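S.K.: Let's see this in three dimensions:
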Amino acid sequence: MKSLAMLPFILSLSLPLTSSPSATARPQRELAGSFEAEVEGRRLTLPLVSSLVDARGRGDLWTVTLRQVFENPTDQMLNATYVFPLDNRAALQAMTVHAGDEVLTTRIEETSTAERRYEEAKAQGRQAALVRQHRPNVFTQQVAHLPPGEAIEVELVYVTTARRDEGRYELVLPTVVGPRHGRFSDGPPAAARGGDDGGAANGSLAWQLQGPVPTAPTAEDGLPESVDSGRVDLVLSLDGGMPIEEAFSPSHELEVHSDGSELAARFRDGAVIGNRDVVFRYRLAGDDVQAGVFAHRDELGGTVSLLLEAPEEPPEEQVTPREVVFVVDTSGSMEGQALAACQALMQRCLEELRPTDTFRIVRFADDSTEMSQRVQPAQRTEIALASQYIDSLRANGGTDMEVGLKRAMGSPVRPGFLRLVVLLTDGYIGNEQAVLGLSAELLGDARLHALGVSDSPNRYLLDELAQRGRGTVAYLSSTDDIDEVTAGLARRLKSPLLTDVQVDWSELGITEVYPDPLPDLFAGQAIRISGRYDEARSGKVEVEGLVRGERVVLSLPVELPEKGGDGGIVTTCWARDAIAHGLRELSLPFRDRPSGRGDHVIREDVTRLGLDHSLVTPWTSFVATSDRVVTQEPEKTVDAAVPVPTPHSPRRNPGPRPTPSAFRLNGPPASPEPATMVGLTMLGGATAAALRKRRREDED
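M.R.: Presented below is the predicted three-dimensional model:
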């Protein structure tokens, strides 16, 4: 048994922020992020955004500081609105606003109060800033009254956890909000249309979380494509607490320096256009089942956090026959590389089916169809026909994920079989809550796994579906190796390593434990479990689960401190998980909610958590206001949306791709990643062709 040592952060590199142009200077065309737009009949250069992401990690726990400079290089007073993404695992916990020499007073408020304070300051000609959550991974930032030639620096701080996959940890730093397609329901999702003793007058509050994702102008909206917008710089430092065996980015070229258990990294060539997620992967020493316990206590109470990790390869075990249902998105946004990758994965998974398994293939776009009206046995003839069907799939039309999931999960499962639903999509839909509610309604004992195919996928939706479906999720970007990702997901579909996980905290008096219910533990992945305690104690925690069908118990000693401990980040992560659990319950009918809480009780609990822990939620927001009046005519200030980059898509943006950088302290150099959309698509085709050739050879 090993635990991650909680050592101090290493010093991060320092990078200068972009300076403001003078009030009289004419904006130069080469200024990154400058756009011209028509506003009330006049040409207006919109505000420039420069971003610095400072990410500091210990083990799998990360604190990220996002510094953004909003500049006004015009002679017009401006109000700016900026749409930005965060990791859906993030807990946004602090905001600082610098306007000239002044630091604006910042506070966390209920959203209605924060909006009122912002509008009051705006109406009085004072500078102000407001940050709101629209999805767990989509936020807006409003800045009122940017004087000509001046800049406002907004600093946001959030904590997050790195996801463990295939034995590697993965930190995702989103830089752009992907599009949201598909229909919106005419009313609340099905899960909201039941009785609710919480007293909601108009159905579930989950419906209030729906609606269009805010948008901002991009090059696709008629703005000049030749101008680089939204440039992002990176400072990254990691204290692994144990030797770091591998660290690289499949998405961007990095300059990495390491001395064993610590490293520092930055973009190799300076700031990049923020049109794709920044993905950083690393591997820590040790390949045995590991467990680490962390605890912290402050004025808000005590928090204990347990990290369970699994090895990459599980032992062989007797498994239940499976009904594997592939649900593939064939809408227009999947054209090209994305659909080719999904086809390669399905071909690979067909090869991994056992003779006792069965399978189905469901496609969806505007509507949904299925390969066959009946479940197919995993035999050579049926697999050969399925391979031809997969090759025939084409991307076109809109996105109605609900009809695909209804077809996949609406029919009963044959007795003695376990249904595995494998969803393959970019997740670009706008009705997330309706889809999540539908999956909870139909899933039953089935497991739901997901593959997100995009440089900026809807990670919130896919992570949530996998969490609720007790499954696993994988992501494939245009720089990833298709064969490596699909092989890993296909291997995990065989069976989880540890199932029916239970944690006994009885000696320690731990309450409010999340996630609830606990997911299965898959090979090469990890589970972080957090709870609350009231007083310092010593004892042990016992983790139980099924391995190879037999129950096993892991016992760990725990010391709960009276004060201090491993750092407040574990408390913030617990609050984030408690908020996510409450929002998850909102998508369930009242009768199916484990806590028995009504809508308004959940809203009050989530709001209280946001206020107590200074976190942005659907009902709490950050607001900053200045006492300084910068304009006597606030009504003349022009509203302008800050332009953001078009999300990278090889189909839209052909051209050279970055060569991912890597270092390995043990083992051979990292395998090269595909360099272009053509290369990745050819690799997907080659993978599928090789599988078909192998089948023909076997049949001969």
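S.K.: Where does residue 438 sit: helix, strand or coil?
M.R.: Three-state call for residue 438 (DSSP: H, G, I helix; E, B strand; the rest coil): helix.
S.K.: any idea where the helices of the protein begin and end?
M.R.: Listed from the start of the chain, the chain has helices (DSSP state H) covering 111-123, 337-352, 380-392, 401-409, 432-442, 459-468, 482-494, 569-586, 599-612, 677-699.
S.K.: Please tabulate the ones you listed in TSV, including the columns mean neighbour count.
M.R.: Every C-beta, even on glycine, is put in place using the N, C-alpha and C of the backbone. Shown next, in TSV, are the helices of the chain (neighbours: other C-beta atoms under 10 Å):
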stretch	mean neighbour count
helix 111-123	17
helix 337-352	24
helix 380-392	15
helix 401-409	23
helix 432-442	23
helix 459-468	23
helix 482-494	21
helix 569-586	23
helix 599-612	19
helix 677-699	16
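S.K.: Nearest to residue 264, out of those?
M.R.: The stretch from those with the least distance to residue 264 (C-beta to C-beta) is helix 569-586; that distance is 19.6 Å.
S.K.: Isn't residue 151 up against residue 69?
M.R.: Yes. With contact defined as C-beta atoms under 8 Å, residue 151 reaches residue 69; the gap is 5.3 Å.
S.K.: mean confidence score for stretch 425-439?
M.R.: For stretch 425-439, the mean per-residue pLDDT is 86.
S.K.: mind checking the end-to-end distance for that stretch?
M.R.: Start-to-end span of stretch 425-439 (C-alpha to C-alpha, to the nearest Å) is 15 Å.
S.K.: Over to stretch 261-280?
M.R.: Note: stretch 261-280 ends 16 Å apart using C-alpha to C-alpha.
S.K.: Same check on stretch 362-381?
M.R.: First residue to last in stretch 362-381 (C-alpha to C-alpha) measures 19 Å.
S.K.: how much space between residue 158 and residue 128?
M.R.: 21 Å (C-beta to C-beta, to the nearest Å).
S.K.: Neighbour count for these two, which is higher?
M.R.: residue 128 (26 against 21; other C-beta atoms under 10 Å).
S.K.: ok, for that one, nearest residue in space, not its chain neighbours?
M.R.: Computed as C-beta to C-beta, 6 or more residues apart in numbering, the closest residue to residue 128 that is not its neighbour in sequence is residue 121, at 3.8 Å.
S.K.: which residues in the stretch 51-200 of the chain form strands?
M.R.: Here the stretch 51-200 of the chain has its strands, by DSSP state E, counting those that start in this stretch, at 61-71, 78-85, 91-99, 102-110, 126-135, 138-146, 151-161, 163-165, 168-173.
S.K.: between the ones you listed, which gets nearest to residue 231?
M.R.: Set against residue 231 and scored by C-beta to C-beta, the strands of the stretch 51-200 of the chain come closest in strand 61-71, at 10.7 Å.
S.K.: mind listing what the nearest residue to residue 375 once chain neighbours are set aside touches?
M.R.: The spatial neighbour of residue 375 that comes closest, neighbours along the chain excluded (C-beta to C-beta, 6+ apart), is residue 358 at 4.6 Å. When contacts are counted by C-beta atoms under 8 Å, 6 or more residues apart in numbering, residue 358 is found next to 321, 322, 323, 324, 375, 376, 377, 378, 414, 417.
S.K.: Reformat those into TSV and put pLDDT, distance to residue 74 and neighbour count next to each item.
M.R.: Formatted as TSV, the contacts of residue 358 follow (pLDDT from 0 to 100; distance: C-beta to C-beta, whole Å; neighbours: other C-beta atoms under 10 Å):
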residue	pLDDT	distance to residue 74	neighbour count
321	80	67	14
322	85	61	21
323	91	61	20
324	93	57	26
375	93	63	16
376	94	63	21
377	94	68	14
378	93	64	21
414	86	66	11
417	84	65	17
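S.K.: what's the closest of those residues to residue 427?
M.R.: Out of these, the member with the shortest distance to residue 427 (by C-beta to C-beta) is residue 324, at 20.6 Å.
S.K.: Can you give me the end-to-end span of stretch 369-377?
M.R.: End-to-end for stretch 369-377, by C-alpha to C-alpha: 19 Å.
S.K.: Low-confidence bits of this structure, can you list those?
M.R.: For the chain, the stretches flagged by pLDDT under 70 are 1-49, 177-230, 286-291, 310-320, 495-496, 548-549, 640-700.
S.K.: about what we covered before: columns distance to residue 284 on top of the helices of the chain, output as CSV?
M.R.: Shown next, in CSV, are the helices of the chain (distance: least, C-beta to C-beta, whole Å):
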stretch, distance to residue 284
helix 111-123, 39
helix 337-352, 27
helix 380-392, 37
helix 401-409, 36
helix 432-442, 32
helix 459-468, 22
helix 482-494, 18
helix 569-586, 18
helix 599-612, 31
helix 677-699, 29
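S.K.: Next up, the contacts around the residue nearest to residue 128.
M.R.: 127, 128, 144, 625, 626.
S.K.: The fourth one pairs with what?
M.R.: Taking DSSP bridges as the rule, residue 625 bridges to residue 105, residue 128.
S.K.: could I have stretch 251-258 exported to PDB, CA atoms only?
M.R.: Extracted in PDB, the C-alpha atoms of stretch 251-258 (Å, rounded to 0.1, in the frame of the first residue of the first chain):
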ATOM      1  CA  SER A 251      -2.600  18.300 -27.800                       C
ATOM      2  CA  HIS A 252       0.300  20.900 -27.700                       C
ATOM      3  CA  GLU A 253       4.100  21.100 -27.800                       C
ATOM      4  CA  LEU A 254       5.500  21.600 -24.300                       C
ATOM      5  CA  GLU A 255       8.900  22.500 -22.900                       C
ATOM      6  CA  VAL A 256       9.200  20.200 -19.900                       C
ATOM      7  CA  HIS A 257      11.800  20.200 -17.100                       C
ATOM      8  CA  SER A 258      11.800  17.400 -14.400                       C
END
